[in-house]
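Asker: Predicted model, plus sequence, below.
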Amino acid sequence: MKEMSNYYNLSTETPVKCPESNNYIIYKSRELMVLALGLEELRGINFMERDSNRSYEEKVKRDEEIFSAMLMGNNYGQDITLILDTEEGPRTVNARIWATTENHLILHTGDQVPRKSVLEVLV
């Protein structure tokens, strides 16, 4: 496992130092330990695309957050944090969303992320 830098408390979005393991964050809804990925690691990830356990309201909220993140990336060059559902468990990545389609997010690196694999967007 790679050595990384910080824990984050996503409910307050403030860094929390954790000396025993680095660059993990706590997913606020489930209190899971989530490994942070670099953009270069994103290409080798197998995403889970399960949306069946979400309510309609949760899907609409996620889509609104994705749209806001895309506007922030295009208009202000702001990176956001995506919490993604992968075969290896939840992972985070800091990236800039340049475009969205019905089924995918297109990041500034050209990588595509399935919309259904997005657990949370932190703008």
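Answerer: That came through fine.
Asker: Could you pull out the strands in the chain for me?
Answerer: Applying DSSP state E to the chain gives strands spanning 7-9, 14-16, 24-27, 32-37, 80-86, 89-95, 97-100, 104-107, 112-114, 118-122.
Asker: Listing request: residues of the chain with sub-threshold pLDDT.
Answerer: Low-confidence segments of the chain (pLDDT under 70): 1-33, 52.
Asker: Out of the strands of the chain, the one nearest Glu49 is which?
Answerer: Comparing the strands of the chain by their distance to Glu49 (CB to CB), the top pick is strand 112-114, with 4.9 Å. Just so you know, the C-beta spots here come from the backbone N, C-alpha and C atoms, and that holds for glycine as well.
Asker: List the buried residues in the closest one.
Answerer: Gln112, Val113 (16 or more other CB atoms under 10 Å).
Asker: cool, stretch 78-90 as well?
Answerer: Asp79, Ile80, Thr81, Leu82, Ile83, Leu84, Asp85, Thr86, Pro90.
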